[in-house]
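K.L.:
Structural data only, the sequence is not supplied:
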Ligand code: ARG
């Protein structure tokens with residue numbers, strides 16, 4: 001009988017493969033690996049056999065693509081969650097789901113420890129551990145990368161070779177990559193130098209816009225209550241829509257981001273992201289909101305989206321604030337239904353048309369033709385009252401707003 005039972009978050013990559021053997025020996029532990037399939041293509045094939053060959057007594061591979069899109073990515077979409085205004089949060093949205101999977105399996109297996117392969121200076125350790133500690137405060141967590149003796153990938157490879165651990169490491173391509181249906185994050189290697197342009201081999205889901213087809217492509221996305229339900233008029237599951245948009249967008253070089261971001265732990269990092277589907281859907285979704293949402297709600301929502309993105313980035317998915325904001329976003333999505341037509345062309349995404357039964361756009365009010373139904377006279381009193389407090393300030397003070405007279 002082993003002293004410990006450890007459930008390991010296992011990707012099949014070098015770190016987590018070495019971890020299985022290392023934890024087994026160091027903690028005198030029975031190892032159960034857990035892999036959540038969120039649509040990543042790398043390493044997922046034969047992962048069960050690989051885990052067993054590496055020394056695990058049992059290997060779970062759970063297909064969570066449906067849950068990932070419907071219960072996680074759609075929340076981020078409805079919430080307009082773009083971290084620091086750009087990053088669609090693919091990795092960050094996946095972590096709470098994986099944390100939940102780890103906890104559920106640890107409980108089922110009566111394991112006393114959960115281990116993960118996140119590094120000590122990334123965001124993912126925070127997201128994993130905050131999530132797991134929230135869901136199961138009594139389970140211990142080990143992060144071998146924060147405590148083991150290996151100082152480089154080369155040392156890990158030597159250890160793997162010594163212990164016959166199967167790995168498929170490509171030292172030529174020294175990127176750290178995290179992939180799921182909502183996007184791919186790529187860092188390390190030459191990308192660490194912010195003066196360097198990301199080389200083509202840093203991308204896998206999208207072509208260089210320069211190499212994209214010379215013909216533009218038009219797509220129509222139909223939303224119901226903030227969620228995409230049809231692509232080009234054909235009803236599809238969320239996963240199908242996301243996978244199709246990743247293909248189409250990727251082909252046209254849409255959804256590439258090269259970003260410097262502020263990590264939770266305080267350092268800045270440079271990462272390239274590919275998220276064609278997420279980028280297309282966010283772009284279309286916000287256009288539909290602009291058509292169907294009243295001014296006050298839309299303006300308020302923009303601030304809430306920023307908070308929501310920060311909560312997701314920082315790992316606070318299972319929190320009352322996140323839950324409350326989710327309810328808010330769901331409520332204001334009630335009317336966000338309709339069609340958005342977009343054109344994809346050499347890395348550019350252009351909105352061509354917007355249609356909704358719930359449109360608040362009134363051509364009668366907006367028009368500059370004689371059909372105009374807007375009462376221009378109303379504007380006079382409106383502006384007078386709107387500016388009244390500021391008129392009073394000017395009358396009662398000598399404020400100049402830092403401005404000199406523009407004439408002598
Ligand atoms: N910086 C992104 C985030 O914190 C992605 C992290 C994982 N990136 C990676 N290349 N392994 O959400």
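P.N.:
Right, received. Where do you want to start? Computed from a prediction, not measured in an experiment: that's the story for all the values here.
K.L.:
would you list every one of the strands in the stretch 301-408 of the chain?
P.N.:
For the stretch 301-408 of the chain, the strands defined by DSSP state E, counting those that start in this stretch occupy 338-345, 348-355.
K.L.:
And the stretch 51-200 of the chain, by the same measure?
P.N.:
With DSSP E, counting those that start in this stretch as the criterion, the stretch 51-200 of the chain has strands at 58-63, 113-115, 140-142, 176-180, 183-187.
K.L.:
Show me what the last one is in contact with.
P.N.:
When you say that, I think you mean strand 183-187. 88, 90-91, 175-179, 202-205, 255, 269-275, 277-278 (Cβ atoms under 8 Å, 6 or more residues apart in numbering). Heads up, the C-betas are built off the backbone N, CA and C, glycines and all.
K.L.:
of the residues you listed, buried ones?
P.N.:
88, 90-91, 175-179, 202-203, 205, 255, 269-275, 277-278 (16 or more other Cβ atoms under 10 Å).
K.L.:
Name the nearest residue to residue 62, ignoring sequence neighbours.
P.N.:
When the adjacent residues along the chain are set aside, residue 62 lies closest to residue 36, with 5.6 Å between them (Cβ to Cβ, 6 or more residues apart in numbering).
K.L.:
Over to that neighbour. Which of the three states is it?
P.N.:
Taking DSSP: H, G, I helix; E, B strand; the rest coil as the rule, one finds residue 36 in the strand state.
K.L.:
Identify the residues contacting residue 276.
P.N.:
When the contact criterion is Cβ under 8 Å, 6+ apart, the partners of residue 276 are 205, 206, 245, 246, 247, 248, 249, 250, 254, 255.
K.L.:
Check whether the first one sits in a helix, strand or coil.
P.N.:
For residue 205, the secondary structure call by three-state DSSP comes out as coil.
K.L.:
Please name the residues that touch it.
P.N.:
Counting by Cβ under 8 Å, 6+ apart, residue 205 makes contact with 183, 184, 246, 250, 255, 274, 276.
K.L.:
Same list (the residues you listed) but as a markdown table, adding distance to the ligand, secondary structure and pLDDT.
P.N.:
Converted to a markdown table, those look like this (distance: Cβ to the nearest ligand atom, whole Å; DSSP: H, G, I helix; E, B strand; the rest coil; pLDDT from 0 to 100):
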| residue | distance to the ligand | secondary structure | pLDDT |
| --- | --- | --- | --- |
| 183 | 9 | strand | 98 |
| 184 | 8 | strand | 98 |
| 246 | 17 | helix | 98 |
| 250 | 18 | helix | 98 |
| 255 | 15 | coil | 98 |
| 274 | 11 | strand | 98 |
| 276 | 17 | helix | 98 |
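K.L.:
And those residues, which two are furthest apart?
P.N.:
183 and 250 (10.8 Å; Cβ to Cβ).
K.L.:
The two - which one has more neighbours?
P.N.:
Neighbour tally, residue 183 and residue 250, criterion other Cβ atoms under 10 Å: the higher count belongs to residue 183, 28 against 22.
K.L.:
Quickly list what that one is bridged to.
P.N.:
Assessed by DSSP bridges, residue 183 has beta-bridge partners residue 180.
K.L.:
Can you list the buried residues in stretch 224-244?
P.N.:
Neighbour-count burial for stretch 224-244 flags 226, 227, 228, 229, 231, 236, 238, 239, 241, 242, 243, 244 (criterion: 16+ other Cβ under 10 Å).
K.L.:
Not counting residues beside it along the chain, what's closest to the fourth one?
P.N.:
Distances taken as Cβ to Cβ, 6+ apart put residue 222 closest to residue 229, at 5.6 Å, once the chain neighbours are dropped.
K.L.:
ok, residue 402 to the ligand distance?
P.N.:
As defined by Cβ to the nearest ligand atom, to the nearest Å, residue 402 lies at a distance of 40 Å from the ligand.
K.L.:
before we move on, back to that, so of the strands of the stretch 301-408 of the chain, which one's packed in deepest?
P.N.:
Ranked by average neighbour count under the criterion mean count of other Cβ atoms under 10 Å, those are headed by strand 338-345 at a mean of 20.
K.L.:
That one vs strand 348-355, what angle?
P.N.:
160 degrees (axes from the mean of the first three to the mean of the last three Cα atoms, to 10 degrees).
K.L.:
Direction included, what does strand 338-345 pair up with?
P.N.:
strand 217-224 (antiparallel), strand 348-355 (antiparallel).
K.L.:
Among those, which comes closest to the ligand?
P.N.:
Judged by Cβ to the nearest ligand atom, the one of the strands paired with strand 338-345 that comes nearest to the ligand is strand 348-355, at 22.1 Å.
K.L.:
Residues contacting that closest one, please?
P.N.:
Residues beyond strand 348-355 that count as contacts (Cβ under 8 Å, 6+ apart) turn out to be 209, 218, 249, 254, 279-280, 283-284, 287-288, 291, 338-343.
K.L.:
switch to 6 Å and redo it
P.N.:
Taking Cβ atoms under 6 Å, 6 or more residues apart in numbering as the criterion, the residues outside strand 348-355 that touch it are 254, 283, 287, 291, 338, 339, 340, 341, 342, 343.
K.L.:
now the first one, what's its secondary structure?
P.N.:
Assigned with three-state DSSP, residue 254 falls in the coil class.
K.L.:
Would you mind giving both backbone torsions of it?
P.N.:
When read as degrees, to the nearest 10, the backbone of residue 254 gives phi -90, psi 140.
K.L.:
The one 5 residues further on too?
P.N.:
For residue 259, the backbone dihedrals (degrees, to the nearest 10) come out as phi -130, psi 140.
K.L.:
likewise the one 3 residues further on?
P.N.:
The phi and psi values for residue 262, taken as degrees, to the nearest 10, are phi -90, psi 110.
K.L.:
What residues are recorded as beta-bridge partners of it?
P.N.:
Beta-bridge partners of residue 262, counted by DSSP bridges, are residue 268.
K.L.:
Tell me how far it lies from the ligand.
P.N.:
In this structure, residue 262 lies at 10 Å from the ligand, with Cβ to the nearest ligand atom as the measure.
K.L.:
Tell me how many other residues surround that residue.
P.N.:
That count, for residue 262 with other Cβ under 10 Å as the rule, works out to 12.
K.L.:
One more: the one 5 residues further on?
P.N.:
Using other Cβ under 10 Å, residue 267 has 10 neighbouring residues.
K.L.:
got it, and residue 209?
P.N.:
Applying other Cβ under 10 Å, we find 14 other residues in the vicinity of residue 209.
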